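S.K.: Prediction below, plus the sequence it came from.
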Amino acid sequence: GIQVEQSPPDLILQEGANSTLRCNFSDSVNNLQWFHQNPWGQLINLFYIPSGTKQNGRLSATTVATERYSLLYISSSQTTDSGVYFCPYDSSYKLIFGSGTRLLVRP
Amino acid sequence: DAGVTQSPTHLIKTRGQQVTLRCSPKSGHDTVSWYQQALGQGPQFIFQYYEEEERQRGNFPDRFSGHQFPNYSSELNVNALLLGDSALYLCASSSRTGSGYTFGSGTRLTVV
């Protein structure tokens, strides 16, 4: 089956620091989304990025579908960025999730 | 524009009981998917409903069943609850036109 590898698994940052989260896939990707799961459990859509680069404020994402990876950049991190980040693989009618990257931003 | 609405937010059930969870999709979405997320893990796909039929199913036993109504809302039913069914249950909606999935806030089910 499809494998989704997210790195790093855990990340601790001081507020204001920058970071890069990575997702590797075992097959070419399409319809890629990045999600942030907040402490209350809600999965919040950050980006819908099948390919190329998008930016939204302090966040930006890049997907290289043929190279089977996607990156999420977080600049000037804030405590509200804490949570778990997911980049599930869209396999037709279902999303296949990895274990996520757990981010803690300290004040 | 209303997002995905799930109810209830929290639920405590006794082993062996049955439970029904509800989901209203985002406006404009016609497809509903259900996921189970155990503590510390990524969500696992249960099934997807489209045009009131189960279109695809994940690796879950028949105790897990669902339904989609003509207004696109959906229910997830779990029979004969086990302690291992304790999890966060997430509903996601999407549309044929693409642009990805939108998730609800989830229902946290505890089986005691």
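M.R.: That came through fine.
S.K.: How about the secondary structure of the residue nearest the centre of chain B?
M.R.: Centroid-nearest residue in chain B, with CA atoms, centre = their mean: B:Trp34, separated by 3.3 Å. Classification of B:Trp34 by DSSP: H, G, I helix; E, B strand; the rest coil places it in strand.
S.K.: what sits against the nearest residue to it once chain neighbours are set aside?
M.R.: In this structure, B:Trp34 finds its nearest non-sequential neighbour in B:Ile46, 4.2 Å apart by CB to CB, 6 or more residues apart in numbering or on different chains. From N, CA and C alone the C-beta is placed, and that goes for glycine too. Contacts of B:Ile46 were listed using CB atoms under 8 Å, 6 or more residues apart in numbering or on different chains, and they are B:33-36, B:57-58, B:60, B:64, B:66, B:76.
S.K.: Please tell me the pLDDT value assigned to the residue nearest to the centre of chain B.
M.R.: With respect to pLDDT, B:Trp34 scores 98.
S.K.: swap in the one 5 residues further on?
M.R.: At B:Leu39, the predicted lDDT confidence score is 92.
S.K.: how about the residues of chain B that lie near chain A?
M.R.: Proximity of chain B to chain A, by CB under 8 Å from any CB of the partner chain, involves residues B:33, B:35, B:37, B:41-45, B:48, B:50, B:55-56, B:58, B:88, B:90, B:92, B:98-106, B:108.
S.K.: try 10 Å
M.R.: Counting by CB under 10 Å from any CB of the partner chain, chain B comes close to chain A at B:3-4, B:6, B:9, B:31, B:33, B:35, B:37, B:40-48, B:50, B:55-58, B:88-90, B:92, B:94, B:98-108.
S.K.: now B:Leu82: how far from chain A?
M.R.: Separation of B:Leu82 from chain A (CB to the nearest CB, to the nearest Å) stands at 21 Å.
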